[in-house]
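1. Generate coordinates for the sequence data below:
(one chain, ligands or ions: 1)
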Amino acid sequence: MTEDGRGGAMIVAERVGKSFTVRARRDGRRRRVRTAVRAVHDVSFTVGRGEFVGYLGPNGAGKSTTIKMLTGILTASSGTLRVCGLDPSRRRTALARRIGVVFGQRTTLWWDLPLRDSLALVRKLYRVEPDAHRARLAELTELLELGPFLDTPVRQLSLGQRMRGDLAAALLHDPELLVLDEPTIGLDVVSKATVREFLARTNAERGTTILLTTHDLGDIERLCRRVMIVDRGRLAFDGGLGDLRRTVDADRMLVVELARPGPPIAVDGAAPGRIAAERTEGPRQWLRLPRSANAAAVVAAIARDHDVRDIALREAGIEDVLAGLYRGEHAYGSAAPAGGGAPAGPSAASGSPEALAAE
Ligand SMILES: Nc1ncnc2c1ncn2[C@@H]1O[C@H](COP(=O)(O)OP(=O)(O)OP(=O)(O)O)[C@@H](O)[C@H]1O
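-> All right, here's what the predicted structure looks like:
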């Protein structure tokens with residue numbers, strides 16, 4: 001990478017950590033104790049120019065804290081961080097000219113101003129030349145379909161309209177990197193589709209690097225070629241969605257439709273343990289198949305012993321995979337993480353504060 005980050009790597013995080021000091025009563029004691037909460041622990045990764053990366057994890061995993069460090073809002077407690085070749089907390093203003101940031105839960109627009117005026121102020125903040133601004137605004141207006149509400153005060157915009165306005169504000173200065181924290185939260189299916197389509201085009205056609213935090217699995221499946229999963233402050237997985245499915249060895253589900261309702265089906269001998277229906281609904285039954293089970297043998301055994309109308313084998317969707325990971329049912333694979341972080345383990349310290357000192 002060159003000094004200014006134009007060579008290839010857009011984000012380089014090396015063993016980045018962040019601890020917060022909080023004061024809380026512990027074990028019913030009256031005195032409050034200062035404790036350190038490790039929100040992010042030794043996270044290392046590199047994001048290359050032009051990548052579209054999902055940054056995922058359960059609530060409280062450390063995603064927002066990471067994004068705040070990347071954008072210079074928070075300073076890392078340990079490790080080194082470079083975004084566009086800059087140290088975000090020391091070069092916040094210089095960095096702001098090169099990145100765009102959207103927080104789905106908050107707007108950066110001026111509440112009382114029409115969207116058009118809000119965007120004009122953004123132009124001034126980022127010192128975009130008037131001609132470049134006009135051209136870029138026209139382009140964003142078309143892509144994000146802003147036309148019908150450009151002259152409406154931001155406070156009167158629907159959530160979906162406001163989000164499109166926020167995206168325009170974040171991209172008016174044509175940043176190299178776009179950081180998004182839950183950009184589709186609360187949006188209806190049509191607005192989500194518009195936002196996703198826009199993001200996909202921005203990445204593909206302008207080459208904008210995008211880092212996306214979301215709990216919306218549709219966002220991930222539609223947009224992210226690479227996902228990083230943070231769990232209790234540690235980077236637990238870094239790879240493609242397909243790799244994630246393979247790595248976690250997620251169970252498959254067999255859905256059997258019998259000719260008539262009957263007792264729960266059970267099959268012996270096709271896997272190390274017994275496979276039994278975990279759910280029945282009239283003539284339909286659901287059997288969970290571990291990866292180690294021989295699906296053909298299970299299907300043959302059921303067909304031999306039951307009057308079967310239909311059988312379908314459902315591969316685990318990304319939703320099942322992530323739900324299992326977050327609940328701790330699957331171990332993260334040893335292939336992860338790339339970039340040098342350690343797999344999550346019982347020693348991960350986020351959410352388990354360490355006492356510093358009694359007040
Ligand atoms: N300012 C703060 N002071 C103390 N603790 C904090 C602070 N900000 C975050 N934390 C703690 O750090 C941990 C990580 O929080 P963070 O907001 O980064 O998680 P997240 O992955 O973004 O969660 P969510 O998906 O719910 O938004 C949590 O245990 C949280 O309580």
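2. just so I have it, where are all the strands in the stretch 201-350 of the chain?
-> 209-213, 226-231, 234-239, 252-258, 266-267, 275-281, 284-289, 308-314 (DSSP state E, counting those that start in this stretch).
3. Contacts for the second one, please.
-> If you take CB atoms under 8 Å, 6 or more residues apart in numbering as the criterion, strand 226-231 is touched by 40, 43, 45, 51-58, 61-63, 66, 220, 235-241, 244, 322, 325-326, 332, 336-337, 344, 348. C-beta: built from backbone N, CA, C; applies to glycine.
4. Please flag which of these sit within helices.
-> In helices, judged by DSSP state H, the following of the contacts of strand 226-231 are found: 63, 66, 220, 241, 244, 322, 325, 326.
5. Tell me the bridge partners for the residue lying closest to the first one once chain neighbours are set aside.
-> This means residue 63. Closest residue to residue 63 apart from its sequence neighbours, by CB to CB, 6 or more residues apart in numbering: residue 213 at 4.7 Å. Beta-bridge partners for residue 213, by DSSP bridges, are residue 55, residue 181.
6. I am assuming residue 213 contacts residue 56, so please confirm or correct that.
-> Yes: assessed by CB atoms under 8 Å, residue 213 is found in contact with residue 56 at 7.4 Å.
7. What residues does this protein have near the ligand?
-> By CB under 6 Å from any ligand atom, the residues of the chain that approach the ligand are 20, 22, 37, 39, 57, 59-65, 350-351.
8. one more time with 8 Å, if that's ok
-> 18, 20-22, 37-40, 57-68, 181-182, 213, 215, 230, 233, 350-351 (CB under 8 Å from any ligand atom).
9. Including mean neighbour count, could the strands of the stretch 201-350 of the chain go into JSON lines?
-> Rendered in JSON lines, the data for the strands of the stretch 201-350 of the chain read as follows (neighbours: other CB atoms under 10 Å):
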{"stretch": "strand 209-213", "mean neighbour count": "24"}
{"stretch": "strand 226-231", "mean neighbour count": "24"}
{"stretch": "strand 234-239", "mean neighbour count": "25"}
{"stretch": "strand 252-258", "mean neighbour count": "18"}
{"stretch": "strand 266-267", "mean neighbour count": "17"}
{"stretch": "strand 275-281", "mean neighbour count": "15"}
{"stretch": "strand 284-289", "mean neighbour count": "19"}
{"stretch": "strand 308-314", "mean neighbour count": "13"}
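10. Now do stretch 173-187: distance to the chain's middle.
-> 12 Å (CA atoms, centre = their mean, to the nearest Å).
11. what is the rounded mean pLDDT of that stretch?
-> Stretch 173-187 shows a mean pLDDT of 92.
12. just stretch 328-337 next, same as before
-> 55.
13. got it, and stretch 118-132?
-> pLDDT averaged over stretch 118-132 gives 91.
14. So in terms of bridging, what pairs with residue 235?
-> With DSSP bridges as the rule, residue 235 is bridged to residue 230.
15. got a pLDDT number for it?
-> Residue 235 carries a pLDDT value of 91.
16. Check residue 215 too.
-> 87.
17. can you pull the contacts of it?
-> 56, 182, 185.
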